[in-house]
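1. here's a sequence, model it:
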Amino acid sequence: MEQTRKALEPISIVRPRGSHRIETFSPKMNRRLTLYRRSELDLWVRIETDPTVRSFCERPGYVQYDGHRQLADFLVAYRDSQEILLLTERELPDDLRYDGNVENPLSFQSVRVADLAASRAWIDNWKRMLPCIVITRGLLSNALLDGIEHFLTSPQPLAAVERKFSGGDPILARAATFALLYAGRVSAPTLRTTPLSSLTPFVCHGI
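-> Residues are numbered from 1 along each chain as shown. This is a model prediction of the structure:
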């Protein structure tokens, strides 16, 4: 996977006419991304916050089918496999091929607008949490992360974590809680259906 992380770079394209230009930062890849569609941003959030994803690349190259050539949206690398994601409402053809060179098993998946809409609450909540993780990179000690994880052996609202670990400034305690969720060490199932708030409960993963 490290080879994939280093070898792949996103294909540079001219901003499509009438499209957005969205700049964001990936903690997983430790670099900036430029995206051109809201649906790409939403899909990136899902990829970025999936703890099973080892690395990814936006616009990793082209796929070919039936004489056509199309830019892939993402290549996602897991521990033992890789997957090409295509934002499309069409069924994927059987003869779909990826132009790039990958060593691990490769599969293809279509992602529809409806798929992203079904994850709307989760995506919107992460759009609030990811900036907090980004701005506190390098500031979260292992002692703080481990202490909060131990505190969350039973479900606790975010406000309770902030009260216990803030020391007068809740930002680091809040960011550490989000970082634990990002890493898959704690869970917060209600974030899939309701907006993030001080009452959102977090709990050690698997409890």
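
2. alpha carbons only for contacts and neighbour counts from here, please
-> Will do.

3. who's in contact with the residue minimising distance to the centre of the chain?
-> Geometric centre of the chain, nearest residue: residue 48, 1.5 Å, by C-alpha atoms, centre = their mean. Counting by C-alpha atoms under 8 Å, 6 or more residues apart in numbering, residue 48 makes contact with 26-28.

4. so residue 179 is in which element?
-> Assigned by DSSP states H and E, residue 179 belongs to helix 170-182.

5. who does the helix or strand just after that helix pair up with?
-> As assigned by DSSP H and E, the chain's next helix or strand after helix 170-182 is strand 186-187. When pairing is defined by DSSP bridges, strand 186-187 lines up against strand 201-204 (antiparallel).

6. how about the helices in the protein?
-> Applying DSSP state H to the chain gives helices spanning 2-7, 38-48, 113-118, 120-135, 142-151, 158-165, 170-182.

7. dump those to a markdown table, plus mean pLDDT and distance to residue 94.
-> Below are those laid out as a markdown table (pLDDT from 0 to 100; distance: least, C-alpha to C-alpha, whole Å):
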| stretch | mean pLDDT | distance to residue 94 |
| --- | --- | --- |
| helix 2-7 | 44 | 25 |
| helix 38-48 | 97 | 23 |
| helix 113-118 | 95 | 21 |
| helix 120-135 | 98 | 30 |
| helix 142-151 | 96 | 45 |
| helix 158-165 | 96 | 47 |
| helix 170-182 | 97 | 35 |
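
8. deepest in the core, which of these is it.
-> Most buried of those by mean neighbour count (mean count of other C-alpha atoms under 10 Å) is helix 170-182; its value is a mean of 22.

9. and that helix, what other elements does it pack with?
-> Applying 3 or more C-alpha pairs under 8 Å, 6 or more residues apart in numbering; DSSP states H and E, one finds that helix 170-182 contacts helix 120-135, helix 142-151, helix 158-165.

10. go with 10 Å
-> helix 120-135, helix 142-151, helix 158-165, strand 186-187, strand 201-204 (3 or more C-alpha pairs under 10 Å, 6 or more residues apart in numbering; DSSP states H and E).

11. so for the fourth one, mean pLDDT?
-> Think strand 186-187. For strand 186-187, mean pLDDT is 97.

12. got the CA positions of the helix holding residue 179 in CSV?
-> This file holds the C-alpha atoms of helix 170-182, laid out as CSV (Å, rounded to 0.1, in the frame of the first residue of the first chain):
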residue,chain,number,x,y,z
PRO,A,170,-12.5,22.4,25.1
ILE,A,171,-11.0,22.5,21.6
LEU,A,172,-8.3,19.8,22.2
ALA,A,173,-10.7,17.5,24.0
ARG,A,174,-13.2,17.9,21.2
ALA,A,175,-10.6,17.3,18.5
ALA,A,176,-9.3,14.3,20.3
THR,A,177,-12.7,12.7,20.5
PHE,A,178,-13.2,13.3,16.8
ALA,A,179,-9.7,11.9,16.1
LEU,A,180,-10.6,8.7,18.0
LEU,A,181,-13.8,8.4,15.9
TYR,A,182,-11.7,9.0,12.7
